[in-house]
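J.: quick one: sequence plus predicted model below, questions after.
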Amino acid sequence: MSRKRTVEEINEKIRKGKAVVLTAEQVAEMGRETGSAGVAEKVDVVTTGTFGPMCSSGMFINFGHTDPPIRMEKVTLNNVPVFAGIAAVDAYIGATETALPHDQYGGAHVIEELIAGKDVLLQATAKGTDCYPRTEVKTLISRDSVNEMIMFNPRNAYQNYNAAVNSTLKMKYTYMGTLLPSFGNATFSTSGELSPLLNDPEMRTIGIGTRIFLGGATGYVAWHGTQFNTGKPLNEHGVPVGNAATLALIGDAKMMSTQFIRAAYFEKYGVSIYIGVGIPIPVLDEDMARQVMVRNSQIETNIVDYGSPGHEILGRTDYHSLFSGEISLNGKKIRTAPLSSLKIAREIAERLRSEILSGNFFLTAPVEGFRKTRGLNSLKIRL
Amino acid sequence: MKSRRFVLTFPPETTGEPITYNLIRKFDIMVNIVKADVTPGHIGHLVMEMTAPPGILNEGLEYIRGQNVECVPIDRRITYRKDMCIHCGACSAVCFAGALTMDRTTAELTFEPEKCVVCELCLTACPLKLFSIDLG
């Protein structure tokens, strides 16, 4: 009978300073020697991490009321339009929104500057009402002056993602970076064996309410992410091939750090934001031990041609090859490069590990698990 | 033998002195032109690799500077704000010259300016815009 443990038992060990916590890279290495039974016997928690561009991110902000008050209708922060179609002084800063015509500066930069504690220019207009008579506001705000900065990201932490190539004779500028012509390079964007949802591919331990590391602070899984897809084919190691599940994440951005939240601009594509996410995985039993032992060579993804209109799948590769700096496609060697930072993903996993070991971070069982899906709807043009 | 890359900046009024020819013939320096943008009447730039024993190389550099041509090692022309770098690797994707690579062990970006061919692709590929090149 293999070893089993509950989240409560693990938390008790964390409280007593007796929990055994390893990063996903460390446990992948350990698993080679001990096998899943050994990992299940010895390890309580495995920490994961990822730090990649995640466009579907943003932040709710409450500015506080002026005297007399305003019901803000059109709002900009450092000239970046923010969504103000909610209550009087609430707004949502979308990471990819830009301050046209300066399309290299956007919501992500505003979020980073607010987290850094810098002043940001708020401009708002309104028609004026009996209860909110003011029609204009122009002032500076900062992290310390506003009431709330709640990061809410509808789609983060993609479980696997395509590797991108370009078959055409022209340079392609994409969210997967600059793709050189004639298969001159291949880019990819996950932290492989360190990636949160690749260490619990069935999401047995990750669900609504899971406590996580988000942007340097404690955050939570709010919901499944948008474009959540559990219908992707699995390889022989139980890992979905290509982009599959996603997470909607929430956290207090006032507590976050620009070490783990960074604005980015991808040439001729637009603004995005690097988000640091780390999720602790409880090793409940030998099945979970097998999952967290996953190695880069066992995680596969599709090689997709971002030069072709339909983003044609040209082949398959694994993360051991992608991280090695070279993949092979139809006999041709292609140089590879990551877009997500493995270095910072490691720092996140290590930091989460330290916090658990020092008794400052406890695990949660999901309040509710995620539903299974059969695939995604596409948008039909009906007019 | 020592190989180094330099950025040569020609003033508009440069005489017709065949500098690269003389570097080869008179100094026996192996010259590899990496990038050239020279138009009569305008400020011109030449990025080139020179290979020679150190003493000879210095003589060659003195000769170039004696022609009123500015000659600066390439690493002094490229700025990379390493302190701001997140080591994502996006720049290494476009660096076909191999000056920007990811260290397999540390997962950190390695920048070897000596290998740079001043293609300038990293300037736009870096999502944080941490590279700049000043050709004078």
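T.: Great, that's in hand. Numbering: from 1, shown residues only, chains lettered A, B, ... in the order given.
J.: can you map out the helices along the chain?
T.: You didn't say which chain, so I picked chain A. In chain A, the helices defined using DSSP state H lie at A:7-15, A:24-42, A:107-115, A:286-292, A:319-324, A:342-357.
J.: chain B, not that one
T.: Under DSSP H, chain B gives helices at B:19-25, B:54-66, B:90-94, B:121-125.
J.: list, one by one, the residues from the stretch 201-350 of chain A near chain B.
T.: Contact residues (C-beta under 8 Å from any C-beta of the partner chain) of the stretch 201-350 of chain A with chain B: A:262-267, A:272, A:274, A:323-325, A:335, A:337-344, A:346. Every residue, glycine included, has its C-beta placed from N, CA and C.
J.: which of those are buried, as a ChimeraX select command?
T.: This is the ChimeraX syntax for the buried subset of those, where burial follows 16 or more other C-beta atoms under 10 Å in any protein chain shown:
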select /A:262,263,264,265,266,267,272,274,323,335,337,338,339,340,341,342,343,344,346
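J.: domains in the chain, as residue ranges please.
T.: No chain specified, so I'll use chain A. Chain A breaks down into these structural domains: A:7-52+A:156-357, A:64-146 (assignment by automatic domain parsing).
J.: was after chain B, sorry
T.: Domains of chain B are assigned by automatic domain parsing as B:2-76, B:78-133.
J.: which regions of chain B sit below the pLDDT cut-off?
T.: Filtered on pLDDT under 70, chain B yields the residue ranges B:14-15, B:136.
J.: next up, the contacts around the residue nearest to residue B:97 when sequence neighbours are not counted.
T.: The shortest distance from residue B:97 to any non-neighbouring residue, by C-beta to C-beta, 6 or more residues apart in numbering or on different chains, is to residue B:117 (4.4 Å). Remark: with contacts taken as C-beta atoms under 8 Å, 6 or more residues apart in numbering or on different chains, residue B:117 is in contact with B:34-35, B:47, B:97, B:99.
J.: deepest-packed of the domains of chain A, please.
T.: The highest average neighbour count among those, using mean count of other C-beta atoms under 10 Å in any protein chain shown, belongs to domain A:7-52+A:156-357 at a mean of 21.
J.: what is the end-to-end distance of that one?
T.: Chord length of domain A:7-52+A:156-357, first to last residue, is 15 Å (C-alpha to C-alpha, to the nearest Å).
J.: now swap in stretch B:16-34 and tell me
T.: For stretch B:16-34, the separation between the terminal residues is 21 Å (C-alpha to C-alpha).
J.: same check, this time on stretch A:244-254
T.: Its start and end residues considered, stretch A:244-254 measures 31 Å (C-alpha to C-alpha).
J.: now it: mean pLDDT?
T.: Averaged across stretch A:244-254, pLDDT comes to 97.
J.: got it, and stretch A:32-44?
T.: 97.
J.: got a list of what the closest residue to residue B:22 other than its chain neighbours touches?
T.: Computed as C-beta to C-beta, 6+ apart, the closest residue to residue B:22 that is not its neighbour in sequence is residue B:63, at 6.9 Å. Contacts for residue B:63 (C-beta under 8 Å, 6+ apart) come out as B:19, B:22-23, B:26-27.
J.: now these in TSV, with neighbour count?
T.: Listed next are the contacts of residue B:63 as TSV, based on neighbours: other C-beta atoms under 10 Å in any protein chain shown:
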residue	neighbour count
B:19	21
B:22	15
B:23	23
B:26	11
B:27	19
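J.: and the residue lying farthest from the centre of chain B, how far is that from chain A?
T.: No residue in chain B sits farther from the centre than residue B:105, which is 27.8 Å out by C-alpha atoms, centre = their mean. In this view, residue B:105 and chain A are 11 Å apart by C-beta to the nearest C-beta, to the nearest Å.
J.: show me what contacts that residue?
T.: Neighbouring residues of residue B:105 by C-beta under 8 Å, 6+ apart: there are none.
J.: and chain B, which of its residues are near chain A?
T.: Residues of chain B lying near chain A by C-beta under 8 Å from any C-beta: B:86-90, B:92-94, B:96, B:101-102, B:104, B:106-108, B:121, B:124-125, B:127-129.
J.: swap the cut-off to 7 Å and go again
T.: For chain B, the contact set with chain A under C-beta under 7 Å from any C-beta of the partner chain comprises B:86-90, B:92-94, B:96, B:102, B:106-108, B:121, B:124-125, B:127-129.
J.: buried subset of those residues?
T.: B:86-90, B:92-94, B:102, B:107-108, B:121, B:124-125, B:127-128.
J.: the residue of the stretch 151-300 of chain A found nearest chain B pairs with what?
T.: Across the stretch 151-300 of chain A, the shortest distance to chain B (C-beta to the nearest C-beta) belongs to residue A:264, at 3.5 Å. Applying DSSP bridges to residue A:264 yields these beta-bridge partners: residue A:272.
J.: ok, now residue B:72?
T.: Residue B:72 has the following beta-bridge partners by DSSP bridges: residue B:7.
J.: excluding its backbone neighbours, what's nearest residue A:129?
T.: The nearest residue in space to residue A:129 (C-beta to C-beta, 6+ apart) is residue A:71, at 5.8 Å.
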